[in-house]
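S.K.: just coords:
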């Protein structure tokens with residue numbers, strides 16, 4: 001997936017009110033960008049961090065920039081826009097590019113299920129059980145090479161775990177898909193110290209038959225594409 005307009009570099013001043021970020025462009029102008037990320041963004045919002053913004057000239061949008069990337073200035077990037085993973089994954093699912101789900105040819109986004117919830121994708125194929133796929137964007141890394149989810153307490157994520165477990169018990173295929181929006185990680189694990197209830201719900205869902213798939217990304221200021229699967233858990237020492 002390519003960004004719609006060419007990104008421009010900036011330095012972060014501060015992120016506040018969850019969805020706003022003050023930034024300084026290379027020419028010295030200070031602008032406010034939309035931050036499409038409701039999480040804590042732990043480790044990604046320090047003052048002076050190099051970031052990339054996407055300009056827009058949409059008259060309906062009050063803010064003329066959207067915060068898309070953190071540039072770690074070592075060749076690695078993190079995507080901070082939580083609306084992008086579903087767009088990237090939809091293209092991958094429709095192209096049957098995700099090996100674990102490649103047998104499915106019908107992809108339906110945002111289908112109602114559970115208690116007043118919508119699953120990110122419902123996959124179907126003659127002769128196969130329907131696959132309910134819930135997507136989580138992963139951006140936290142507190143240890144080199146190790147991605148973690150969540151980065152804050154997520155009651156919504158815990159609810160999704162319970163609902164996926166019910167789907168699995170009903171005989172359908174239930175899949176939790178962690179899309180790691182950073183290029184410097186090889187493993188994904190649950191941040192149980194941040195949200196013990198989510199960790200417990202994930203463990204219970206796994207016992208009920210819910211599958212966990214972890215996929216990496218290629219990220220540049222030009223766009224974001226799917227990369228290879230990542231390992232679930234922590235690397236052996």
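M.R.: Arrived safely. All figures in this text were calculated on a predicted structure; none of them were measured in a lab. Residues are numbered from 1 along each chain as shown.

S.K.: only C-alpha atoms for contact and neighbour calcs from this point on.
M.R.: Will do.

S.K.: Report the buried residues of the longest helix belonging to the chain.
M.R.: Secondary structure of the chain read by DSSP state H shows that its longest helix is helix 155-169. Neighbour-count burial for helix 155-169, counted by 16 or more other Cα atoms under 10 Å, picks out 157, 158, 159, 160, 161, 162, 163, 164, 165, 166, 167, 168.

S.K.: Can you add distance to residue 45 and pLDDT and give those back as TSV?
M.R.: What follows is the buried residues of helix 155-169, written out as TSV (distance: Cα to Cα, whole Å; pLDDT from 0 to 100):
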residue	distance to residue 45	pLDDT
157	22	95
158	25	97
159	27	95
160	27	95
161	28	96
162	31	96
163	32	96
164	32	96
165	34	97
166	37	95
167	37	95
168	37	96
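
S.K.: Next up, identify which helix or strand the closest residue to residue 101 other than its chain neighbours is on.
M.R.: Closest residue to residue 101 apart from its sequence neighbours, by Cα to Cα, 6 or more residues apart in numbering: residue 93 at 7.3 Å. Here residue 93, judged by DSSP states H and E, is contained in helix 84-94.

S.K.: Check the offset of that helix from the chain's centre.
M.R.: Helix 84-94 sits 11 Å away from the centroid of its parent chain (Cα atoms, centre = their mean, to the nearest Å).

S.K.: Now the two most distant members of the buried residues of helix 155-169.
M.R.: The span of those, defined through Cα to Cα, is set by 157 and 168 at 16.6 Å.
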